[in-house]
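**Q** turn this into a structure:
(one chain, ligands or ions: 1)
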Amino acid sequence: MAVRRLAPEHLQPKEFSFTAENLAWAQNEIKKYPPGRQQSAVISLLWRAQEQCGGWLPQKAIEAVAAMLGMAKIRVLEVATFYTMFLLSPVGRKAHIQVCGTTPCVLRGAEELFKVCHHRIHEEPFHVSADGDFSWEEVECLGACVNAPMVLIGHDTFEDLTAETFEKVIDGYAKGSPPKPGPQIDRHFSAPVGGPTTLTDPSLYAKKPSAGEPQQPAVADDDAKKPGAAANVHEAPIPKPPAADSSRA
Ligand code: FES
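**A** Residues are numbered from 1 along each chain as shown. This is a model prediction of the structure:
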C-alpha cells in the first residue's frame, strides 16, 4: 500500500464545518455512545465529512471532527490515514472509480479495466482527469468475485465488465445517467449466465396433494425418472432420528 499523506496545502480548503443537517446527524451519532466514549463515533463522523466534501477528506475536516470529539488532532489523523476508505486528496467530481485488482478479478480481465482507466482518466491512480470529472484507484477484493471483474463507484458496484461495458459505465457517469448497477451482462445478480442450471425438473414443482389425499411414497433419483414415478421426492416421509444414547447421560 502506498504511503498515505494529506493532500498538498494548495489543494486544501481553508475551513470546514458540517452543514446544519450533517451537524444534527453527527450530534445524534455521538449520543449513541456512553459518556466518556464519544471518540467511538470518529469513523462515522469522518465518513460523513468525506461525503460532504465531495468524496475526499481535507485536513480541516479531520481537525473539526477531532474538536467535536475532544480528541487530539493526531489521533484522528491516525485513523484517517490508516483506513483506505478515507481518501486524502480530491477525487473526480462525477466519479471516483475503485477497480478490484485481486486474483479472481485479474483472472477475469481486470487488466483491461486498468487500461481503460489509464487512457480515459489518468495514467496514475489518485490523479484527477484533465476535465476534473474522474479519478480511479486499485483496491483489494470488494466481495463480488463471482461477478468478476468489477468496479465500485460510490455505493454501487458494476460487475461482469469488459473494457467496452466499462467504457459505457464511464460514459454514463459523464452524461449524468449511469447504467443500472450490478451485472453488465444478461445475468440475474450472481445466478448462472443463460439462466438456471439446477432444479430445472418441472416435476419438482408439481402440485402437492391436498389434505386427505394420500402422500406419494419416496423414490430414489433414478426411479424418479421412470414413468409413473412419484411427482415430488421432497414429499418423502422424514426418517425418525435414532434413539438417544442413554449411556452418555
Ligand atoms: S477479487 Fe474482485 S471482487 Fe473479489
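**Q** do you know how far Asp131 is from Ala174?
**A** Using C-beta to C-beta, to the nearest Å, Asp131 is found at 9 Å from Ala174. For every residue, glycine as well, the C-beta is placed using N, CA and C.
**Q** the more surrounded of the two?
**A** Ala174 (16 against 11; other C-beta atoms under 10 Å).
**Q** is it fair to say that one lies in a strand?
**A** No. Counting by DSSP: H, G, I helix; E, B strand; the rest coil, Ala174 is not part of a strand but helix.
**Q** for it, what are its contacts?
**A** Contact analysis of Ala174 by C-beta atoms under 8 Å, 6 or more residues apart in numbering lists Lys94, Asp133, Phe134.
**Q** briefly note if stretch 126-138 comes near the ligand.
**A** No. Against the ligand, stretch 126-138 shows no contacts by C-beta under 6 Å from any ligand atom, the least distance being 10.6 Å.
**Q** for that stretch, could you pull out the residues that count as buried?
**A** Phe126, His127, Val128, Ser129, Phe134, Ser135, Trp136, Glu137 (16 or more other C-beta atoms under 10 Å).
**Q** now do stretch 113-128
**A** Across stretch 113-128, burial judged by 16+ other C-beta under 10 Å covers Leu113, Phe114, Val116, Cys117, Arg120, Ile121, His122, Pro125, Phe126, His127, Val128.
**Q** list the contacts of the helix or strand where His118 lies.
**A** If you go by DSSP states H and E, His118 is part of helix 110-120. Contacts of helix 110-120 with the rest of the structure, by C-beta under 8 Å, 6+ apart, involve 97, 99-101, 125, 129, 134, 136, 138, 148-149, 151, 161-163, 166-167, 170.
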